[in-house]
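1. below are the sequence and a predicted model; questions follow.
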Amino acid sequence: MRAYHLTSFGIEGLRLVETPVPQPGPGEILVDVQALSLNYRDLLVIQGAYNPKLTLPAVPVSDGAGVVAAVGPDVSRVRVGDRVMSHFVADWQDGPYRHEYLGTALGTPGPGLAAEQVVLPETAVLPLPKGYDYAQAATLPIAALTAWSALVTVGQAEAGQTVLTLGTGGVAIFALQLARLMELNVIITSRSDAKLARCRELGATHTINYATRTDWDQAVLELTGGVGVDLTVETAGPGTLDQSMKATRAGGRIALLGALTGRCGAVTTGLILMKRLNIHGIMVDSRRAFEDLVRFVERWNLRPVIDRRYAFDQLPEALRCMEAGEHFGKIVVTR
């Protein structure tokens, strides 16, 4: 079988190599991977920014979907032939998040999915939503579940409230789609008028071009009568956090989940104190939350926005597309 090995940091360090088909052990399954979807985390891993001490070579990419080809001893949740998608934090099945769960995250330190076949714990997969193909299902594990966690698990958003989300990547577009089905008002930002037009087609209540309106936090206040939004889905990180705090109402919530502007930076803590803001870090969510999301997706027949599709041997090109920020919604790679 073929698999991508990251032999040195950087997209140019990816090598498509022939390797033996892995065999599942106790509690494990072998999945024929049919589709991958890319997340910014994958790019950080490959660039060496996520874990500079990562042992190489390593197989990258966290999200995928496929069919169960074999099962090891003591497997009870799935059978050969089942159509499944990955669950990013394999050991987080239910309940509060625990730090040790991070060691089971797929795409390093757990198994990567950029291979034709991969062995996973049976806890690391869920059935595909009804009516979904492999490419659609591959978009859900990180991006959709992160958006769900921001809106539901942490955000506790209620119909009629207003949500702000930044950019038009995978998480932001899923947040827009989910929020509209929850009867929330959505304000979304982008530097592209063309992308903002697509957001309005998806139901965005208001759009802001942050390239022409650099004080976009003030624009949000103007749109909300000076009050601010109830919830901000903060996808960019420290470079935009101060403006997000200014755009959020007193006592409001910020779901902090992105690192597009880096993993550390200066933050005006006085805004948190004086506005009594609730800032919650998001590390995707549990399997139980994923199951709730799947039921919601099936109920409303939600379909992900897939902007670009690449063949398996075009993974480096797909990553360069993500690096350039050219996409709207999700990028998928299919066999």
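-> Sure, I can see it. Residues are numbered from 1 along each chain as shown.

2. distance of residue 171 from residue 91?
-> Distance of residue 171 to residue 91, computed by CB to CB, to the nearest Å: 22 Å. In this view, the C-beta of every residue, glycine as well, is placed from N, C-alpha and C.

3. what about these two, which has more around it?
-> residue 171 (30 against 18; other CB atoms under 10 Å).

4. hang on, that one packs against residue 235?
-> Yes - using CB atoms under 8 Å, residue 171 is in contact with residue 235, at 5.5 Å.

5. for this protein, what's the longest helix?
-> helix 287-300 (DSSP state H).

6. which other helices and strands does that helix contact?
-> strand 125-127, helix 145-148, helix 170-181 (3 or more CB pairs under 8 Å, 6 or more residues apart in numbering; DSSP states H and E).

7. can I get the CA coordinates of the helix or strand just after the last one in CSV?
-> The reference is to helix 170-181. Note on helix 170-181: by DSSP states H and E, the next helix or strand toward the C-terminus is strand 185-190. Extracted C-alpha coordinates of strand 185-190, given in CSV (Å, rounded to 0.1, in the frame of the first residue of the first chain):
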residue,chain,number,x,y,z
ASN,A,185,-27.9,35.5,13.7
VAL,A,186,-24.4,35.2,12.2
ILE,A,187,-21.9,37.9,11.6
ILE,A,188,-18.9,36.7,9.6
THR,A,189,-15.6,38.3,8.4
SER,A,190,-13.3,37.8,5.4
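
8. check which residues of stretch 147-164 are buried.
-> 147-155, 157, 161-164 (16 or more other CB atoms under 10 Å).

9. need the strands for the stretch 101-250 of the chain, in chain order.
-> 117-121, 125-127, 162-166, 185-190, 206-209, 229-234, 248-256 (DSSP state E, counting those that start in this stretch).

10. tabulate the CA atom coordinates of the fifth one in CSV.
-> Once side chains and other backbone atoms are set aside, the C-alpha atoms of strand 206-209 remain, and they are given as CSV (Å, rounded to 0.1, in the frame of the first residue of the first chain):
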residue,chain,number,x,y,z
HIS,A,206,-24.1,40.4,8.2
THR,A,207,-20.7,40.3,6.6
ILE,A,208,-17.6,42.4,7.2
ASN,A,209,-14.6,42.8,5.0
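
11. what's in contact with stretch 300-308?
-> Stretch 300-308 is contacted by residues 131, 135-136, 139-140, 144, 173-174, 177-178, 181, 202, 296, 318, 321, 326-332 when judged by CB atoms under 8 Å, 6 or more residues apart in numbering.

12. for residue 202, which non-adjacent residue is closest in space?
-> residue 176 (5.6 Å; CB to CB, 6 or more residues apart in numbering).

13. what residues are up against that neighbour?
-> Counting by CB under 8 Å, 6+ apart, residue 176 has contacts 165, 186, 188, 199, 202, 203, 204.

14. do residue 72 as well
-> Taking CB under 8 Å, 6+ apart as the test, what residue 72 contacts is 23, 24, 25, 26, 27, 28, 29.

15. next one: phi and psi at it?
-> phi -90, psi -180 (degrees, to the nearest 10).

16. distance-wise, check it relative to residue 80.
-> Applying CB to CB to residue 72 and residue 80 gives a distance of 11 Å.

17. same thing with residue 123?
-> From residue 123 to residue 80 the distance is 17 Å (CB to CB).

18. residue 34 sits in which helix or strand?
-> Judged by DSSP H and E, residue 34 forms part of strand 28-37.

19. please name every helix or strand in contact with that strand.
-> Applying 3+ CB pairs under 8 Å, 6+ apart, one finds that strand 28-37 makes contact with strand 63-71, strand 117-121, helix 134-138, strand 330-334.

20. now those in TSV, with mean pLDDT, distance to residue 33 and mean neighbour count?
-> Shown next, in TSV, are the helices and strands packed on strand 28-37 (pLDDT from 0 to 100; distance: least, CB to CB, whole Å; neighbours: other CB atoms under 10 Å):
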stretch	mean pLDDT	distance to residue 33	mean neighbour count
strand 63-71	98	4	23
strand 117-121	98	6	22
helix 134-138	98	9	25
strand 330-334	98	10	24
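
21. any idea which of those gets closest to residue 222?
-> strand 330-334 (31.3 Å; CB to CB).

22. ok and the closest one relative to strand 63-71, angle-wise?
-> 30 degrees (axes from the mean of the first three to the mean of the last three CA atoms, to 10 degrees).
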